[in-house]
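Peer 1: got a sequence here, can you build the structure:
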Amino acid sequence: MSHVFHQLYYHFTWGTHNRGPLIDRNWRPGFLKILREEVHKKEGILIRCNAMPDHVHLLVRLPPTIKISEFVGQVKGASAFRSNRETKPRFKLKWQDGYGVVSLRKEEVESVSRYIDRQEELHHKKKLSKLLECLKAV
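Peer 2: Numbering: from 1, shown residues only. Model prediction:
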């Protein structure tokens, strides 16, 4: 068996249905726990995750055998399904179609991790990265 070297880092972002504020602060820790578990089940290595009321950030390392679109689709589906059953949100958690993804170099992982950790502060100060928020260019 041959050895394969890889450093494949991906930052994913996806929003709630109609970008509604469906991710409540009270059950967000439970949702993030579910998200971490689902990444692990799908053979991803979680680096960071966080959520705002209307979107999710996920930074992972994936092996080259995993199809990116299948990975994120499965994580999105399973996290919404489990959250609706386990956290019992006031409004049913549904995702918008699609997602944003950016590949990263290893040297960028630390700064993107900090960005994900500081989501509330950065949104409050309106100091957002168009690339990492997957916002359309103006």
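Peer 1: what about the strands in the chain?
Peer 2: 9-15, 45-52, 55-61, 100-104 (DSSP state E).
Peer 1: in space, not sequence, find me the middle residue of this protein.
Peer 2: Centroid check for the chain by Cα atoms, centre = their mean gives residue 58 as the closest residue, at 2.7 Å.
Peer 1: now do the contacts for that one.
Peer 2: 11, 12, 13, 35, 39, 46, 48, 49, 72, 75 (Cβ atoms under 8 Å, 6 or more residues apart in numbering). Bear in mind the C-beta positions are built from the backbone N, C-alpha and C, glycine included.
Peer 1: quick one: residues contacting the fourth one.
Peer 2: Contacts of residue 35 were listed using Cβ under 8 Å, 6+ apart, and they are 49, 51, 56, 58, 75, 79.
Peer 1: redo that, cut-off 10 Å
Peer 2: 46, 49, 50, 51, 56, 58, 75, 76, 78, 79, 82, 83 (Cβ atoms under 10 Å, 6 or more residues apart in numbering).
Peer 1: ok, the first one - contacts?
Peer 2: Residues in contact with residue 46, defined by Cβ under 10 Å, 6+ apart, are 32, 35, 36, 37, 38, 39, 40, 58, 59, 60, 61.
Peer 1: what residues of stretch 86-105 count as buried?
Peer 2: The neighbour-count check on stretch 86-105 (16 or more other Cβ atoms under 10 Å) flags 87, 89, 93, 95, 99, 100, 102, 104 as buried.
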